[in-house]
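*Asks:* Sharing a model that was predicted from the sequence below.
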Amino acid sequence: VQLVESGGGSVQAGGSLRLSCVASGRALKPNFMGWFRQLPETEREVVANIYTGGASTKYSDTVRGRFTISRDDVQNKLYLQMNSLKPEDTGVYYCAAAHVGYWPVKVEDYANWGQGTQVTVS
């Protein structure tokens, strides 16, 4: 699975951005998709993930209520709607795919990664 993110940019605090990730390739459909972010001088952390076989989603405590993960199976796209953005949300955001049989929360659970897109909140 190849993943390509888009939609990052610069926004003022309180603003919104929507990240997109398009998946391609002939590999088996992943069981889970997720958004991670890497803030300056920190390790990559999960932001939100979604089960591709249903509607279940999970969010990190830092973004719950502000961010929404969704997917479009027809267009093979994953989205992250980010509202009420804060300066501490600044970082590189990655789309990732997992092919595991349990809810994946760690970086190592995900086999496929996009190149990342920069989000800057000032």
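*Replies:* Thanks, I have the structure now.
*Asks:* The residue nearest to Ala48 when sequence neighbours are not counted: neighbour count?
*Replies:* Among residues not flanking Ala48 along the chain, Ile69 sits closest, at 4.0 Å (Cβ to Cβ, 6 or more residues apart in numbering). In this view, the C-beta of every residue, glycine as well, is placed from N, C-alpha and C. Neighbourhood size, Ile69 [other Cβ atoms under 10 Å]: 20.
*Asks:* Tell me, what's the model's pLDDT at Ile69?
*Replies:* Turning to Ile69, the model gives it a pLDDT of 97.
*Asks:* who touches Trp103 in this structure?
*Replies:* Contact analysis of Trp103 by Cβ atoms under 8 Å, 6 or more residues apart in numbering lists 32, 49, 51, 58.
*Asks:* Apologies, that question was intended for Pro40.
*Replies:* Per Cβ under 8 Å, 6+ apart, neighbours of Pro40: 90-91.
*Asks:* returning to that earlier point: mind listing what's buried in the helix or strand hosting the residue nearest to Ala48?
*Replies:* Assigned by DSSP states H and E, Ile69 belongs to strand 67-72. Neighbour counts over strand 67-72 (16 or more other Cβ atoms under 10 Å) mark 67-69, 71 as buried.
*Asks:* Columns distance to Val107 on top of those, output as a markdown table?
*Replies:* As requested, the buried residues of strand 67-72 are exported to a markdown table (distance: Cβ to Cβ, whole Å):
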| residue | distance to Val107 |
| --- | --- |
| Phe67 | 18 |
| Thr68 | 22 |
| Ile69 | 17 |
| Arg71 | 20 |
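*Asks:* So which residue is smack in the middle of this structure?
*Replies:* Centroid-nearest residue in the chain: Trp35, 1.7 Å away (criterion: Cα atoms, centre = their mean).
*Asks:* Thought Glu45 was touching that one, still the case?
*Replies:* No: at 10.1 Å, Trp35 and Glu45 do not qualify as touching, with contact defined as Cβ atoms under 8 Å.
*Asks:* looking at the sheet around Thr20, what are its partners?
*Replies:* Just so we're on the same page, residue 20 is Ser rather than Thr. Beta-bridge partners recorded for Ser20 (DSSP bridges): Ser6, Tyr79.
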